[in-house]
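# okay, predicted coordinates and the sequence, questions at the end:
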Amino acid sequence: NDVANDFTTKKKKDGSQAYTPSFLRVAMRVYKMYQRQLWDAECLTTQSSLGMLAEVEEWHFHRYGPCGVFMIDMRGNRIQPDGVQKEGNILSGRQRSAIRAAFSEPGLTCMLVCSEIPFVG
């Protein structure tokens, strides 16, 4: 992600995506192997399992007593599992629903919303 921070938006002069789909597939797999496994012990990280995904979504919500932590995925709705860019909003409809549900959690008095860049919308 830090090497290719703009992988869901960067284009060549001819309008095609700047990074090859194979490069992005490997990057997404390494991300899952490193980041996702920190909190999801059942995460699938083989290339074949990633290729079977319909969407690339990496948002998640954790609750610690009355405090919630929502990690926003600002890229997953703009890339396909095969590494090809697609047009899309920053947040998918599923992620928007998940944020609403998180804020509706009974007894939640604090919410930390985390994103890699400033997000308003």
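Yes, it's here. What you see is a predicted model, and the numbers here were worked out from it, not measured in a lab. Numbering: from 1, shown residues only.

# can you tell me the SS state at residue 30?
Put simply, residue 30 is helix when judged by DSSP: H, G, I helix; E, B strand; the rest coil.

# measure it to residue 55 for me?
Noted for residue 30: a distance of 19 Å to residue 55, by Cβ to Cβ, to the nearest Å. C-beta: built from backbone N, CA, C; applies to glycine.

# swap in residue 36?
14 Å.

# same question, residue 15
Residue 15 is 24 Å from residue 55, by Cβ to Cβ.

# those two: who's more crowded?
residue 55 (14 against 6; other Cβ atoms under 10 Å).

# residue contacts, that one?
76-77, 81, 92, 94 (Cβ atoms under 8 Å, 6 or more residues apart in numbering).

# repeat that for residue 8.
By Cβ under 8 Å, 6+ apart, residue 8 lies in contact with 75, 78-79, 85.

# neighbour count, pLDDT and secondary structure added to those, as CSV?
Formatted as CSV, those follow (neighbours: other Cβ atoms under 10 Å; pLDDT from 0 to 100; DSSP: H, G, I helix; E, B strand; the rest coil):
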residue, neighbour count, pLDDT, secondary structure
75, 21, 82, coil
78, 18, 84, helix
79, 24, 83, strand
85, 19, 86, strand
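
# for residue 114, state which of these is nearest.
Set against residue 114, the nearest of the contacts of residue 8 by Cβ to Cβ is residue 75 (14.0 Å).

# what is the nearest of the contacts of residue 8 to residue 102?
Of these, the one sitting nearest to residue 102 (Cβ to Cβ) turns out to be residue 75, at 19.5 Å.

# so who does that closest one touch?
7-8, 56, 58.

# buried only: go through these for me.
7-8, 56, 58 (16 or more other Cβ atoms under 10 Å).

# farthest pair in those?
Maximum pairwise distance in the buried ones among the contacts of residue 75, criterion Cβ to Cβ, is 13.3 Å, between 7 and 58.

# residue 22 reaches residue 83, doesn't it?
Yes. Using Cβ atoms under 8 Å, residue 22 is in contact with residue 83, at 6.5 Å.
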